[in-house]
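K.L.:
please find the sequence and the predicted model below.
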Amino acid sequence: MSSSLQRNLGRQSDALTWRREANRQHEIALKMAKEYQAAEKVRRAQKHNESLSRAEKAAIPRTDRTVTQGDGFAETGAVTEDSDETSASETKSLFEVGDRVWLYMERVKPGLTKKLAHRWHGPFRIKEKVQEFAYELELPDRSGYRFYPITTQGGRRI
């Protein structure tokens, strides 16, 4: 083997070693950044919760959840729930009877450009809750809207 070939082989080996080391350092830096962000998120949440007034703390719904942390980082924390029945029965509906909501309509009138058409219509008042996620809307008398007044929860905003 010639000496120039051996020198090039050594350079390639050095480059591969350097690349592996750089990739390893990059992975370590990403892992440390993720751990730091998780720890900061937990710290900011605790600071925020401690600064709440008594009335604000009373307004927060309480659940039977405990958070355990391992190694001091939130990403390794495990959430254990004491009872599944209580959380299932506590599901709260997004909308109540009497709320005013905006309705999203995907289809537009023929001849209109979809990009420029108004797709959010309303506000409409909720007349009745038909099912868990279905509501009947109260339409104005001379509104010109021609759609079925019972809609699902998907395309509405308060």
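P.N.:
Great, that's in hand.
K.L.:
least confident secondary structure element in the chain?
P.N.:
Every helix and strand in the chain was compared by mean pLDDT, DSSP states H and E; the lowest is strand 73-81, with a mean of 44.
K.L.:
determine the longest helix present in the chain.
P.N.:
Counting by DSSP state H, the longest helix found in the chain is helix 3-51.
K.L.:
how is this protein divided into domains?
P.N.:
The record's domain parsing of the chain by automatic domain parsing lists 3-89, 100-157.
K.L.:
least confident of those, on average?
P.N.:
Ranked by mean pLDDT, the domains of the chain bottom out at domain 3-89, with a mean of 72.
K.L.:
could you find the closest non-adjacent residue to Val97?
P.N.:
Ile126 (5.5 Å; CB to CB, 6 or more residues apart in numbering). Using the backbone N, CA and C atoms, a C-beta is placed for each residue, glycine as well.
K.L.:
can you name every helix or strand that the longest strand along the chain contacts?
P.N.:
Criterion DSSP state E: the longest strand present in the chain is strand 120-131. For strand 120-131, the elements it packs on are strand 100-104, strand 134-138, judged by 3 or more CB pairs under 8 Å, 6 or more residues apart in numbering; DSSP states H and E.
K.L.:
now those strands as CSV including mean neighbour count and distance to Asp14?
P.N.:
As requested, the helices and strands packed on strand 120-131 are exported to CSV (neighbours: other CB atoms under 10 Å; distance: least, CB to CB, whole Å):
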stretch, mean neighbour count, distance to Asp14
strand 100-104, 16, 59
strand 134-138, 17, 67
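K.L.:
kindly reformat these as JSON lines containing distance to Thr17.
P.N.:
Shown next, in JSON lines, are the helices and strands packed on strand 120-131 (distance: least, CB to CB, whole Å):
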{"stretch": "strand 100-104", "distance to Thr17": "57"}
{"stretch": "strand 134-138", "distance to Thr17": "63"}
